[in-house]
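**Student:** dropping a prediction and its sequence here:
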Amino acid sequence: MAIHNELGKYGEEAAASYLKEQGYVIRHRNWRKGHLELDIVAAKENRLIIVEVKTRSNRVFGAPEDAVDWKKVRHTVRAADTYIKLFQIDAEVRFDIITVVGNAKAYTIEHLKEAFYSPLF
């Protein structure tokens with residue numbers, strides 16, 4: 001597996017562990033339907049939380065959350081819409097970003113709640 005894939009897998013594992021520690025229930029990780037994908041789907045306090053995870057070894061090339069551009073937002077919202085319809089979910093939805101910076105020995109996690117909203121198509 002390529003190093004960047006290992007880093008991404010590690011970051012998603014760290015993010016899922018963090019969410020569990022914060023009282024979230026993990027519904028799915030790496031959920032896929034066709035070309036649509038959601039990193040983490042969680043639930044807390046009668047809300048569905050869609051989490052985009054961005055992992056970097058450092059911040060040399062900028063903040064990880066900056067990689068969530070309008071195209072990624074649109075793709076994530078489309079995937080969330082499909083997920084909600086498929087599982088017939090009737091709950092408030094929130095879109096979060098979790099950044100993981102570092103490596104397995106030393107890392108920081110930042111949880112950006114309500115990081116973006118569903119744009120109008």
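**Tutor:** Perfect, thanks for sending it.
**Student:** chain center to whatever helix or strand residue 11 lives in: distance?
**Tutor:** Using DSSP states H and E, residue 11 sits within helix 3-21. In terms of Cα atoms, centre = their mean, to the nearest Å, the centre of helix 3-21 is found 10 Å from the chain centre.
**Student:** flag every buried residue along that helix.
**Tutor:** Neighbour-count burial for helix 3-21, counted by 16 or more other Cβ atoms under 10 Å, picks out 7-8, 10-12, 14-16, 18-19. The C-beta positions use only the backbone N, C-alpha and C, and glycine is treated the same way.
**Student:** and it, what does it pack against?
**Tutor:** If you count contacts as 3 or more Cβ pairs under 8 Å, 6 or more residues apart in numbering; DSSP states H and E, helix 3-21 packs onto strand 25-33, strand 36-44, strand 47-56, strand 92-102, strand 107-116.
**Student:** check contacts around the closest residue to residue 91 other than its chain neighbours.
**Tutor:** Distances taken as Cβ to Cβ, 6 or more residues apart in numbering place residue 48 nearest to residue 91, at 4.8 Å, with adjacent residues excluded. Each residue near residue 48 by Cβ atoms under 8 Å, 6 or more residues apart in numbering is listed here: 27, 41-42, 80, 84, 89, 91-94.
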